[in-house]
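Visitor: below is the sequence, then the predicted model.
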Amino acid sequence: MFSLKKTRESTMSFWMSNTLSGSGYVCAERDEEATKESIDRLRAALDECNAVLVGAGAGLSTAAGLEYSGKRFNENFADFRDAYGIHDMYSGGFYPFPDLETYWAWWSRHIWINRYAVGATKPYKELLELVQDKDYFVLTTNVDHQFQLAGFDKNRLFYTQGDYGSFQCSYPCTEETYDNEDAIRAMMDEQPTMHVSSDLVPKCPHCGAPMTTHLRIDGRFVEDKGWQDASYRYEKFRQEHKHDKILYLELG
């Protein structure tokens, strides 16, 4: 059984600690009474529902402190900022760098600090506490692996836009993706220069074309077997619960 007391405490903690105001992350301007009312409604919905479908966007990771601009950007990318006039990590991902060695110096650092150098963050761990006793599924555009780091069942996750932890062929010649941790670590050994060695530039093992990040930025995004399997599990979850009482919990 889902504990009402546990739900109240967990919901209060999650909501209050991840809805900030002022200079922090802002979801909406709310007075104390309105916030309490929202918490009570969410607590009741969690207690009454048969299943939870979580929709998660970038704001959830921003609330976790994984900002792409401001202090965190300046501490990690001051050299690229000064050399190329880039002012945040998001726009830097689309910058036309002069060569692949510079491109991968940027992207290895970007992937490292957002995927491999961070552990599970508080909002994700608290969200798991809220839903772990329910039949849940997560549909997310986030690519930073925070759900799995926090302990969410990977078979209940659908990363629709890719994953920082994978490469794909830039062509692409196949519907395959490749784990990139070893390659990223090797590139990071050459930081903080704004170039990596030419022999570290990843190449497709099939056609020899340059690899790229497995992120949905254009029509070349690879929907590999893992993506297809997750899509199937998402649709199966929806069908299994189409006549049940489902809580749609949209975050970020």
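Guide: Received, thanks.

Visitor: just checking, F97 touches W106?
Guide: Yes. In this structure, F97 is within contact of W106 by CB atoms under 8 Å, at 6.4 Å. In this view, the C-beta of every residue, glycine as well, is placed from N, C-alpha and C.

Visitor: and the strands in the stretch 1-150 of the chain?
Guide: 51-56, 135-140 (DSSP state E, counting those that start in this stretch).

Visitor: okay, the ones you listed, which one's buried deepest?
Guide: Comparing the strands of the stretch 1-150 of the chain by mean neighbour count (mean count of other CB atoms under 10 Å), strand 135-140 ranks first with a mean of 22.

Visitor: can you list contacts of that one?
Guide: 50-57, 147, 152, 156-160, 233-234, 237, 241 (CB atoms under 8 Å, 6 or more residues apart in numbering).

Visitor: what's the angle from that strand to strand 51-56?
Guide: 20 degrees (axes from the mean of the first three to the mean of the last three CA atoms, to 10 degrees).

Visitor: strand 135-140 - which strands sit beside it in the sheet, and in what orientation?
Guide: strand 51-56 (parallel), strand 157-159 (parallel) (DSSP bridges).

Visitor: dump those to a markdown table, plus distance to R216 and mean pLDDT.
Guide: Listed next are these as a markdown table, based on distance: least, CB to CB, whole Å; pLDDT from 0 to 100:
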| stretch | distance to R216 | mean pLDDT |
| --- | --- | --- |
| strand 51-56 | 16 | 98 |
| strand 157-159 | 10 | 98 |
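
Visitor: pLDDT on stretch 219-228, on average?
Guide: Mean pLDDT, computed over stretch 219-228, is 97.

Visitor: straight-line length of it, end to end?
Guide: Terminal residues of stretch 219-228 are spaced 16 Å apart (CA to CA, to the nearest Å).

Visitor: how distant is that stretch from the center of its chain?
Guide: Relative to its chain's centre, stretch 219-228 lies at 17 Å (CA atoms, centre = their mean, to the nearest Å).

Visitor: show me what counts as buried in that stretch.
Guide: F221, V222, D224, W227 (16 or more other CB atoms under 10 Å).

Visitor: turn these into CSV, columns for secondary structure and distance to H110.
Guide: Formatted as CSV, those follow (DSSP: H, G, I helix; E, B strand; the rest coil; distance: CB to CB, whole Å):
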residue, secondary structure, distance to H110
F221, coil, 18
V222, coil, 19
D224, coil, 21
W227, helix, 21
